[in-house]
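> Could you work out the structure for the sequence below:
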Amino acid sequence: MAQRSPHAMEVGAVATAMSTDAERGLASEEAAARLQRYGPNRPRPERQPPYARIAARQLLDPMVFLLLVATAISIAIGDTVEGVAIAAIVVLNGVLGFWQEAKAEQAVRALSHAFTQTALVVRSGVERTIPAEMWSPAT
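Prediction:
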């Protein structure tokens, strides 16, 4: 049987699975030990935005392919001006699309750093609000 996600389980089952008490929570010492063992609750270090993937998405769009075929056909039949115009539009569209998507990635990253997250926990029977990174998934 597949393991169910904690959010889909009963409170008592989650407490049992996490070796804690649903009413009293963890002892502060046990929480500190688990934090030491499992590490802080923070996202993995961010990598640079996938610029190559963004560029590939711009180029692999079916409409871009169709326009490139139209460019080749226009040049092949002697309508060089139309072919160059279509190619210029494809390039301009690709550059603008790349720029917009890269800026959107940067905005999402900036927003993720703008908010301080907290977690409501029970330690030794007392509810406390702590920085979310001080809460380990196993605590």
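> mind checking the SS state of residue 4?
coil (DSSP: H, G, I helix; E, B strand; the rest coil).
> And for residue 70, the neighbour number?
Residues near residue 70, counting by other Cβ atoms under 10 Å, number 15. The way it works is simple: take the backbone N, C-alpha and C, and place the C-beta from them, glycine included.
> Same question for the lowest-mean-pLDDT helix or strand in the chain: list its buried residues.
Least confident helix or strand of the chain, by mean pLDDT, DSSP states H and E, is strand 118-123 with a mean of 82. Using 16 or more other Cβ atoms under 10 Å as the test for burial, strand 118-123 gives 121, 122, 123.
> What is the nearest of the residues you listed to residue 98?
Checking the buried residues of strand 118-123 against residue 98 with Cβ to Cβ, the nearest one is residue 121 at 43.3 Å.
> if we can go back for a sec, from the contact counts, what lies against the least confident helix or strand of the chain?
helix 28-38, strand 126-131 (3 or more Cβ pairs under 8 Å, 6 or more residues apart in numbering; DSSP states H and E).
> can I get the CA coordinates of that strand in PDB?
Taking C-alpha atoms only, strand 118-123 is exported to PDB below (Å, rounded to 0.1, in the frame of the first residue of the first chain):
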ATOM      1  CA  THR A 118       6.600  31.200   9.900                       C
ATOM      2  CA  ALA A 119       5.200  27.900  11.300                       C
ATOM      3  CA  LEU A 120       2.800  27.400  14.200                       C
ATOM      4  CA  VAL A 121       4.300  24.500  16.300                       C
ATOM      5  CA  VAL A 122       3.600  22.900  19.700                       C
ATOM      6  CA  ARG A 123       6.600  22.400  21.900                       C
END
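> by how many degrees do it and strand 126-131 diverge?
150 degrees (axes from the mean of the first three to the mean of the last three Cα atoms, to 10 degrees).
> quick one, strand 118-123 and helix 28-38 angle?
130 degrees.
> Give me the contact list for strand 118-123.
Outside strand 118-123, the residues that touch it by Cβ atoms under 8 Å, 6 or more residues apart in numbering are 23-28, 31, 41, 127-132, 134-135, 139.
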